[in-house]
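>>> A predicted structure for the sequence below; I have some questions about it.
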Amino acid sequence: MDGMMPEAVVIPTSAAPLVQARDLQVRFVSRDATVHAVNGVSFDLAPRESLCILGESGSGKSVTLRALMGLNPPRRTVVSGHLRVGGQDVVGASERTLSDLRGRTVSMIFQEPMTALDPVFTIGRQIAETVMRHEGVSRAAGEARALELLELVQIPSAKRRLAAYPHELSGGLRQRAMIAIALSCRPRLLLADEPTTALDATVQIQILLLIRRLQEELGMGVIFVTHDLGVAGEVADRIAVMYAGRFIEEGPVRNLMRGPLHPYARGLLGATVHAGRRGERLTTIPGAPPNLERLPQGCAFAPRCTEAEAACTAAVPEFRSPTPGHAARCIHVGGVVPC
């Protein structure tokens with residue numbers, strides 16, 4: 001296997017991958033320490049496909065998303081591996097190349113729209129200037145596109161909302177405005193970083209259904225980051241479970257929800273509240289995530305795993321797959337994915 005790219009669990013498709021990542025690694029380097037935030041992530045995303053990256057806080061989900069757009073702090077971030085988005089190499093790309101990539105090829109919905117939106121400009125102006133920058137149109141055309149987008153994301157009284165500032169909108173409307181900005185240049189890939197975390201349950205469902213509908217209408221690929229299994233089940237075709245900067249399980253949403261392979265994925269499912277478990281005691285995962293400055297040898301989950309044995313700490317497990325397209329990094333899973 002020397003010199004070969006690490007394996008990725010890939011669903012066969014006739015179209016070229018919209019995203020292709022192989023052995024993606026992201027480190028944050030300071031004078032005092034090096035944080036290994038992403039540690040050898042490999043995956044493909046096909047056009048029109050939806051991938052959900054699932055994991056608890058600090059697992060590397062948001063850092064992975066930001067690496068796709070080159071948004072991690074440049075002065076202290078070291079990115080290595082192979083990463084192509086829309087056919088463009090991202091690792092080592094110039095700021096001008098990345099600026100052209102953002103908006104037109106890939107766009108992002110951030111977790112908290114109040115901090116992502118500029119408080120001193122109206123919603124209409126922020127959308128219009130994005131369109132003008134990437135499509136080279138006039139201000140009038142940009143403002144017309146802004147109105148079209150606010151109507152697309154179903155903001156009521158859209159024409160009046162063009163002149164509103166972010167603080168004048170509710171949390172749900174701000175999130176819809178953030179989606180409108182992300183869609184303003186018709187991106188091929190939409191990244192969503194926990195876009196429903198700050199919203200109440202009713203608005204959350206509306207936003208999830210909106211993203212799913214817009215994906216189908218506009219033909220985008222979507223990568224959705226969350227720690228909520230219910231959200232993952234609503235929006236994803238595939239789920240990748242992330243722990244300590246690695247994908248430790250990946251597969252179709254139905255397979256993973258019904259029969260998770262990795263002990264950590266089973267723990268997440270066991271700790272999830274839903275109507276069918278009324279009266280049942282929730283399980284818990286003992287311990288805490290590892291320190292990313294000093295990752296343990298072998299499987300990073302081994303110190304918390306009730307099934308761990310000596311072999312788990314010898315080396316990082318390879319992906320093993322009992323069924324095509326569904327695999328996990330665990331020595332207790334049968335079947336080996338070929339490199």
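Done, it's in. Quantities reported herein were computed from a predicted structural model and do not represent experimental measurements.
>>> tell me the SS of residue 21?
Of the three states, residue 21 takes strand according to DSSP: H, G, I helix; E, B strand; the rest coil.
>>> which strands and helices sit next to the helix or strand bottoming out on mean pLDDT in the chain?
In the chain, the helix or strand scored least confidently by mean pLDDT, DSSP states H and E is helix 113-116, which has a mean of 78. Applying 3 or more C-beta pairs under 8 Å, 6 or more residues apart in numbering; DSSP states H and E, we find helix 113-116 packed against helix 171-182. For the C-beta atoms, the positions are set from N, CA and C on the backbone; glycine is no exception.
>>> next structured bit after the helix it packs on?
Scanning forward in sequence from helix 171-182 by DSSP states H and E, the next helix or strand is strand 189-193.
>>> would you mind identifying the next helix or strand past that next one?
helix 201-218.
>>> list the buried ones in that next one?
203-204, 206-208, 210-212, 214-215 (16 or more other C-beta atoms under 10 Å).
>>> may I have the least confident helix or strand of the chain as CSV, with CA atoms only?
Output of helix 113-116 as CSV, limited to C-alpha atoms (Å, rounded to 0.1, in the frame of the first residue of the first chain):
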residue,chain,number,x,y,z
PRO,A,113,-26.4,34.0,11.0
MET,A,114,-26.2,37.0,13.4
THR,A,115,-22.4,36.8,13.4
ALA,A,116,-22.2,35.8,9.7
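>>> beyond that helix, next helix or strand please.
Following helix 113-116 toward the C-terminus (DSSP H and E): helix 123-135.
>>> send me that next one as CSV with only the CA atoms.
C-alpha atoms of helix 123-135 as CSV (Å, rounded to 0.1, in the frame of the first residue of the first chain):
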residue,chain,number,x,y,z
ILE,A,123,-30.1,42.2,3.7
GLY,A,124,-30.8,43.3,0.1
ARG,A,125,-27.4,45.0,-0.2
GLN,A,126,-25.5,42.0,1.1
ILE,A,127,-27.1,39.7,-1.4
ALA,A,128,-26.8,42.1,-4.3
GLU,A,129,-23.1,42.8,-3.7
THR,A,130,-22.4,39.1,-3.6
VAL,A,131,-24.1,38.7,-7.0
MET,A,132,-22.3,41.7,-8.4
ARG,A,133,-18.9,40.4,-7.3
HIS,A,134,-19.2,37.0,-8.8
GLU,A,135,-21.4,37.5,-11.8
